[in-house]
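> mind folding the following:
(one chain, ligands or ions: 2)
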Amino acid sequence: MRAFVYSGQPGRVVFGPGTLSQLGREIQALGARRALVLSTPEQRASAEHVADLLGDRAAGIFDRAVMHVPIETAREAREVARTLGADCAVAVGGGSTTGLGKAIALDSGLPILAIPTTYAGSEMTPIYGITEAGMKKTGRDAKVLPRTVIYDPELTLTLPVGLSVTSGLNAIAHAAEGLYSVEANPVMDLMAEEGIGALGRALPRIRANPADVEARGDALYGAWLCGIVLGNVGMALHHKLCHTLGGSFNLPHAETHTVVLPHALAYNAAAAPRAMNRIQRALKGKDAAQAVYDLAKDNGAPVALRDIGMKEGDLDRACEIALQNQYPNPRPLEKAAIRQLLQDAFDGVRPAAA
Ligand SMILES: NC(=O)c1ccc[n+]([C@@H]2O[C@H](COP(=O)([O-])OP(=O)(O)OC[C@H]3O[C@@H](n4cnc5c(N)ncnc54)[C@H](O)[C@@H]3O)[C@@H](O)[C@H]2O)c1
Ligand SMILES: O=C(O)CCC(=O)CC(=O)O
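Ligands and ions are numbered 1, 2, ... in the order given. I've put the predicted structure just below:
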């Protein structure tokens, strides 16, 4: 029997089609009187709908959330929250919008009510990220964990199929690395396998019919579980590589996770056989890395860094950065092997079976 430490994160979850209608009750339960609604510019209409539902409890809308939370945007949103006398932030959107809510909470302690519309899982974690002078810094603080999360699958019906698939693989990455994290524990293992399985079954159904609310609900359920895993146990090589490629080479978040994950799993396979067994069982495959690669490719997602904006000439520098400030990983980071991993991910080769 392995020894482990388990500590759960607090938080209330309201789940199901149509649950956005319970927003008023949930805001009241938080004791909030003036909520600032956050969104990206693209999701302004959703923010307006949320503000309408809040009625007198809506303090205003800040619709300038962007990926990786630039410090300038965080400062602007904090100032708007202060000026409007907001006592709560309602984040409707994906990880970028939740991330902006976290930046406000980090500074002010305002509670966040999150309404996720992608599968990124940020709403389940005390992890925040803020980008300053071109460098993305991440940290953990209990203050930024949303107090209430409303998961309404109907809000994900508009998520384009391409982003649905890559966002689902971003979620799978959280669970996959959670399975071999130094902080792994049996409860998170159960959630990780269940979350990966739910997404593995849902993504092809979403691709076949993006309006399938059942499939959307299954994907959101999987994303919730994978997000819990990310929030409770640590990240490893895969997340380090993605943070390097996203933070220093500006690659898109969910797509980068999609391309890198099979290669990170292949790198770790021999050092984490129990994790690999759970991943392949969840995806009904024979090899974890290949099953993840096939899930992406068969559903039209990119599988090569060359196709999502990476330049081959930057691979050496990416390797150097990835080796700095390493996250704990089951297999030690070997420079030549990491460089080869990046090359394979760049070329989009299907990993060999372990
Ligand atoms: N801190 C954490 O725990 C954590 C976890 C995962 C991701 N993240 C962060 O989240 C960011 C990425 O989040 P993301 O992948 O969810 O993308 P995102 O939030 O940037 O959304 C991508 C685009 O899709 C749009 N969109 C979102 N939901 C939609 C919907 N239902 N219908 C139509 N359009 C929709 C958004 O408006 C945006 O234009 C990154 O900055 C990443 O670092 C943080
Ligand atoms: O890489 C991830 O998907 C999770 C961690 C993360 O994105 C940190 C952040 O920027 O908030």
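> how close does the residue of the chain at minimum distance from ligand 2 get to ligand 1?
The chain approaches ligand 2 most closely through residue 129 (2.3 Å), counting by CB to the nearest ligand atom. Quick note: C-beta positions are derived from backbone N, CA and C, even for glycine. Residue 129 sits 5 Å away from ligand 1 when distances are taken as CB to the nearest ligand atom, to the nearest Å.
> sec struct for the closest residue to that residue other than its chain neighbours, please.
Distance criterion CB to CB, 6 or more residues apart in numbering; nearest residue to residue 129, sequence neighbours excluded, is residue 138 at 4.5 Å. Judged by DSSP: H, G, I helix; E, B strand; the rest coil, the three-state class of residue 138 is strand.
> tell me the contacts of the closest residue to residue 154 other than its chain neighbours?
Nearest-residue entry for residue 154: residue 17, 5.2 Å, with adjacent residues in sequence omitted and distances by CB to CB, 6+ apart. Counting by CB atoms under 8 Å, 6 or more residues apart in numbering, residue 17 touches 152-154, 213, 217.
> returning to that earlier point: am I right that the residue of the chain closest to ligand 2 is in a strand?
Yes - under three-state DSSP, residue 129 sits within a strand.
> roughly how far does it sit from residue 96?
Residue 129 sits 10 Å away from residue 96, going by CB to CB, to the nearest Å.
> give me the low-pLDDT residue ranges for the chain?
The model of the chain has no residue with pLDDT under 70.
> residue 272 contacts residue 330, correct?
Yes - counting by CB atoms under 8 Å, residue 330 is a contact partner of residue 272 at 4.5 Å.
> so between the two, which is more surrounded?
Neighbour totals were compared for residue 272 and residue 330, and residue 272 leads with 25 against 20 (other CB atoms under 10 Å).
> surely residue 98 is in a helix?
Yes - assigned with three-state DSSP, residue 98 falls within a helix.
> and it, what does it touch?
91, 112, 114, 116, 120, 122-123, 146.
> what does residue 54 give?
Taking CB under 8 Å, 6+ apart, we find residue 54 in contact with 23-24, 27, 35, 37, 90.
> quick one: buried ones out of those residues?
The neighbour count (16 or more other CB atoms under 10 Å) marks 23, 27, 35, 37, 90 as buried among those.
> show me the contacts for the second one.
The contact partners of residue 27, taken as CB under 8 Å, 6+ apart, are 35, 54, 57, 88, 90, 113.
> ligand 1 contacts on the stretch 151-300 of the chain?
Counting by CB under 6 Å from any ligand atom, the stretch 151-300 of the chain comes close to ligand 1 at 155-156, 158-159, 163, 167, 170, 230, 253-254.
> restrict those to those near ligand 2?
Among these, ligand 2 is touched by residue 170 when using CB under 6 Å from any ligand atom.
> out of the residues of the stretch 151-300 of the chain next to ligand 1, which two sit at the greatest distance?
Spatially, the most separated pair among those is 158 and 230, at 24.3 Å (CB to CB).
> neighbour-wise, which of these two wins?
Neighbour count, other CB under 10 Å: between residue 158 and residue 230, residue 230 has more, with 26 against 14.
> that's a helix at the more buried one, yeah?
Yes - residue state for residue 230 (three-state DSSP) corresponds to a helix.
> from residue 176, how far off is it?
Distance, residue 230 to residue 176, by CB to CB: 11 Å.
> same deal with residue 353?
Distance from residue 353 to residue 176, by CB to CB: 17 Å.
> again, but for residue 137
24 Å.
> so these two - more neighbours on which side?
Set residue 137 next to residue 176 and count neighbours by other CB under 10 Å: residue 176 wins out with 34 against 13.
> my read: the more buried one touches residue 275, true?
Yes - with contact defined as CB under 8 Å, residue 176 and residue 275 form a contacting pair (7.1 Å).
> need the overlap of contacts for these two.
Common neighbours of residue 176 and residue 275 are listed as residue 288 (criterion: CB under 8 Å, 6+ apart).
> quick one, phi psi at the residue sitting furthest away from the middle of the chain?
Distance from the C-alpha centroid of the chain peaks at residue 56, with 31.9 Å (CA atoms, centre = their mean). Main-chain torsions, residue 56, degrees, to the nearest 10: phi -60, psi -20.
> please renumber so the chain begins at 58
I'll keep to 58 as the first residue from here, and by that count the last item is residue 113.
> between residue 329 and residue 387, what contacts are shared?
Both residue 329 and residue 387 are in contact with residue 237, where contact means CB under 8 Å, 6+ apart.
> residue boundaries of the strands in the chain?
Per DSSP state E, the chain carries strands over the ranges 69-72, 92-95, 115-119, 145-150, 169-173, 184-189, 192-197, 205-208.
> follow-up on the earlier one: and for residue 186 and residue 153, which residues touch both?
Taking CB under 8 Å, 6+ apart as the criterion, residue 186 and residue 153 both touch 125-126.
> flag every residue of the chain that's near ligand 2.
Going by CB under 6 Å from any ligand atom, the residues of the chain near ligand 2 are 156, 179, 184-186, 195, 227, 296, 299.
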